[in-house]
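S.K.: Sequence and predicted structure are below.
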Amino acid sequence: MIAIVFGSAFGLNQSYQYLAHHVARPDLAGLVVGFGAFGLVIALMAWAVQRQASMATRWPVVPGTIKLSGIEEYHQASEPGERRGVEMFGKRVTYTYRYQNVSYTNECARVATETPSASDEMLRKLMSRYQDGATVEVRVNPDNPAEATLDARGDGRIAYVLWGIAAIFAALALFVATRGG
């Protein structure tokens with residue numbers, strides 16, 4: 001961990017030194033390095049999410065059952081000695097499945113808001129897809145059966161959003177490097 005921190009600091013400093021001599025406005029070299037570093041980190045996250053989603057599509061499929069698809073009400077955590085936290089409303093979906101004669105329970109979605117009507121459209125879609133007692137196909141990680149998913153492709157779609165954000169940071173870095181502020 002220490003090597004990563006110091007290595008990153010050294011690498012970013014070297015990048016800054018190099019770019020300070022090769023960009024249109026040397027005073028913006030730090031901004032170029034920052035945009036580039038954020039873009040790289042987000043691209044690495046996108047790659048990891050996409051790789052995980054790709055692996056999940058090859059996991060074995062077993063039948064599962066939606067056990068809970070509903071609304072819960074709770075209070076956000078508060079500091080010791082303070083009054084109760086903000087009242088929150090959450091929608092969640094849990095399901096059970098069996099893999100190699102062992103029963104598992106997982107949660108596929110949880111959405112929390114401060115008002116029960118917030119994000120109603122998204123929540124209606126979620127709740128209509130997963131009704132209590134419905135039978136669903138569950139993809140199970142054979143190396144870790146406690147890890148499972150109901151929608152392996154859904155995680156892959158998130159990767160495209162991350163790739164887009166990484167591209168925006170790369171474009172910003174390129175713009176600042178070539179045109180200046």
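M.R.: Nice, I can see it.
S.K.: Can you pull the poorly scored residue ranges out of the chain?
M.R.: Within the chain, the stretches with pLDDT under 70 are 1-14, 16-24, 69-79, 81-91, 109-128, 152, 154-155, 180-181.
S.K.: who's in contact with residue 45?
M.R.: residue 162 (Cβ atoms under 8 Å, 6 or more residues apart in numbering). (Glycine included, C-beta is placed from N, CA and C.)
S.K.: How about residue 68?
M.R.: By Cβ under 8 Å, 6+ apart, the contact set of residue 68 is 92-94, 132.
S.K.: a strand runs through it, doesn't it?
M.R.: Yes. Counting by DSSP: H, G, I helix; E, B strand; the rest coil, residue 68 is part of a strand.
S.K.: where's it relative to residue 134, distance?
M.R.: Applying Cβ to Cβ, to the nearest Å, the value for residue 68 to residue 134 is 12 Å.
S.K.: Domain-wise, how is this protein divided?
M.R.: Segmentation of the chain into domains, based on automatic domain parsing, reads 23-58+151-181, 61-140.
S.K.: out of the contacts of residue 68, which are buried?
M.R.: By neighbour count, with 16 or more other Cβ atoms under 10 Å, the contacts of residue 68 hold 92-94 as buried.
S.K.: Out of those residues, the closest to residue 51 would be?
M.R.: residue 93 (25.1 Å; Cβ to Cβ).
S.K.: just the helices in the protein please.
M.R.: 2-20, 29-56, 120-129, 152-179 (DSSP state H).
S.K.: Hmm, residue 108 is touching residue 67, no?
M.R.: No. Checked against Cβ atoms under 8 Å, the pair residue 108 and residue 67 is beyond contact range at 10.9 Å.
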